[in-house]
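Peer 1: how would this look folded up:
(2 chains)
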Protein chains: 2
Amino acid sequence: MSKVFVHVGMSLDGFIAGPNRGPKNPLGDAGTSIHEWMFRQQAFRDAHGLGSGGETGPDNQRLELLVNRIGANIMGKRMFEEGEANWPEEAPFHNAVFVLTREVRSPWKRPGGTTFYFVNNGIEAALAKAREAAGAKDVRVCGGNQAIVQYLNAGLIDELCISLTPVLLGQGLRLFDGIEKTRISLDLIESASPSQAVTHLRYAVKLR
Amino acid sequence: MSKVFVHVGMSLDGFIAGPNRGPKNPLGDAGTSIHEWMFRQQAFRDAHGLGSGGETGPDNQRLELLVNRIGANIMGKRMFEEGEANWPEEAPFHNAVFVLTREVRSPWKRPGGTTFYFVNNGIEAALAKAREAAGAKDVRVCGGNQAIVQYLNAGLIDELCISLTPVLLGQGLRLFDGIEKTRISLDLIESASPSQAVTHLRYAVKLR
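Peer 2: Numbering: from 1, shown residues only, chains lettered A, B, ... in the order given. Down below sits the predicted model:
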């Protein structure tokens, strides 16, 4: 049975992006510091068409495992809009992306296998479509934090993967803002920090 | 050279205690969930005079290593007041504890080796006294969050040890509230989660 998972980078103080986010500053002030370890990995460079020269060590292997699980993606409207202004022509997903939005828009097909579908009837409908598109592979809920929290609160996430970086942001978007803590519980599956640049945390999510 | 370290339990969403804290509710609502793994350990039971029967596995070994480093403690006024109402007669520190407070009070000696000293002239003075009391051992800054953040912002912490538990609190006291993120940087020394009940994180703290 395919799974629904989140994979997100988080600062030690709980932020997934800095303040003052927008299409010209998609990760917010200092937000890139959360993801610097990832930008260096070959799996990231492959997805973004950046050629060779990336790291191929244990962090890359873990990132690659996650990337290879993905059969379809779900993302919120703001994340899409910020990405639309910044992704290369060959968008870095290489499969179907379902965007949660009120906008009525035809699918937007990009070279390299990414097609964005705009879903107007809620998170469960988007998930049903993503599951169908993913087939035997998994569905990744990409973000932003509101989309992640909506899916968590609805009990629709099986696995929460956090790349916890030794960074303090002080302000910005908190991953867990709006979480209904009485609805879900987490079981740690594993943690590892083979390179000391990042701690890979993986939790099973259960409804209480 | 002896070190100054923090060891604190934190929920995955960044809280070290729940809301509605006070002497009758020292960890705040649901705050005990952050520390349940620790209450089960023999090193905790030893310090609190609770007898045998605790866990003696890898989490206990890590806790014991931290406890054995401590030559003196520093804590904030509110943490002391909440503890004063709840610690057993034989307070669980078994060495000197320097309390940051405006209260002028004689040292309070407890059976079992704990003596509380009340320091009225700031965090650096308290640290100088704690270093002297600790000798070759380390100084632990116990908490609360304000004391920890004051010491971090002043560049006086060498090591930040966080027991990260797979718990979401949603509200309460955030460990890093008030942190001056531009002043310090963190290097991950190690992470481990041998029992999956908790992730032991250890960071070196540096002034930028």
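Peer 1: Please make it C-alpha for all contacts and neighbour counts, starting now.
Peer 2: Noted.
Peer 1: for chain A, which residue is closest to the average position?
Peer 2: residue A:142 (2.7 Å; CA atoms, centre = their mean).
Peer 1: Give me the helices and strands touching the host helix or strand of that one, please.
Peer 2: Taking DSSP states H and E as the criterion, the element that holds residue A:142 is strand A:138-143. Contacts defined by 3 or more CA pairs under 8 Å, 6 or more residues apart in numbering or on different chains; DSSP states H and E place strand A:138-143 against strand A:4-11, strand A:70-76, helix A:123-134, helix A:145-153.
Peer 1: can you pull the buried residues of the next helix or strand after the last one?
Peer 2: It stands for helix A:145-153. Note on helix A:145-153: by DSSP H and E, the next helix or strand toward the C-terminus is strand A:159-165. Of the residues in strand A:159-165, A:159, A:160, A:161, A:162, A:163, A:164, A:165 count as buried by neighbour count, 16 or more other CA atoms under 10 Å in any protein chain shown.
Peer 1: ditto for stretch A:86-93
Peer 2: So for stretch A:86-93, counting by 16+ other CA under 10 Å, buried means A:90, A:91, A:92, A:93.
Peer 1: now swap in stretch A:123-131 and tell me
Peer 2: Within stretch A:123-131, judged by 16+ other CA under 10 Å, the buried ones are A:123, A:126, A:127, A:129, A:130, A:131.
Peer 1: ok, the fifth one touching residue A:98?
Peer 2: Yes. Between residue A:130 and residue A:98 there is a contact at 6.7 Å, judged by CA atoms under 8 Å.
Peer 1: where do the contact lists of these two overlap?
Peer 2: A:72, A:73, A:74 (CA atoms under 8 Å, 6 or more residues apart in numbering or on different chains).
Peer 1: follow-up on the earlier one: would you turn the buried residues of stretch A:123-131 into a markdown table with pLDDT?
Peer 2: Shown next, in a markdown table, are those (pLDDT from 0 to 100):
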| residue | pLDDT |
| --- | --- |
| A:123 | 98 |
| A:126 | 98 |
| A:127 | 98 |
| A:129 | 98 |
| A:130 | 98 |
| A:131 | 98 |
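Peer 1: Buried ones in stretch A:95-102, by neighbour count?
Peer 2: By 16+ other CA under 10 Å, the buried positions in stretch A:95-102 come out as A:95, A:96, A:97, A:98, A:99, A:100, A:101.
Peer 1: Need the three-state assignment for the third one.
Peer 2: Counting by DSSP: H, G, I helix; E, B strand; the rest coil, the backbone at residue A:97 sits in strand.
Peer 1: Write down the beta-bridge partners of it, one by one.
Peer 2: Residue A:97 has these beta-bridge partners by DSSP bridges: residue A:73, residue A:116.
Peer 1: Stretch A:155-163 near chain B anywhere?
Peer 2: No. Shown here: stretch A:155-163 not in contact with chain B (CA under 8 Å from any CA of the partner chain), separated by at least 10.0 Å.
Peer 1: from the buried residues of stretch A:86-93, which is closest to chain B?
Peer 2: residue A:93 (28.1 Å; CA to the nearest CA).
Peer 1: my guess is that closest one contacts residue A:110, does it?
Peer 2: No. Contact criterion CA under 8 Å: residue A:93 and residue A:110 do not qualify, at 9.8 Å.
Peer 1: Overlap in contacts, these two.
Peer 2: Common neighbours of residue A:93 and residue A:110 (CA under 8 Å, 6+ apart) do not exist.
Peer 1: Report whether stretch A:13-23 contacts chain B.
Peer 2: Yes. Stretch A:13-23 reaches chain B (CA under 8 Å from any CA) through A:13, A:14.
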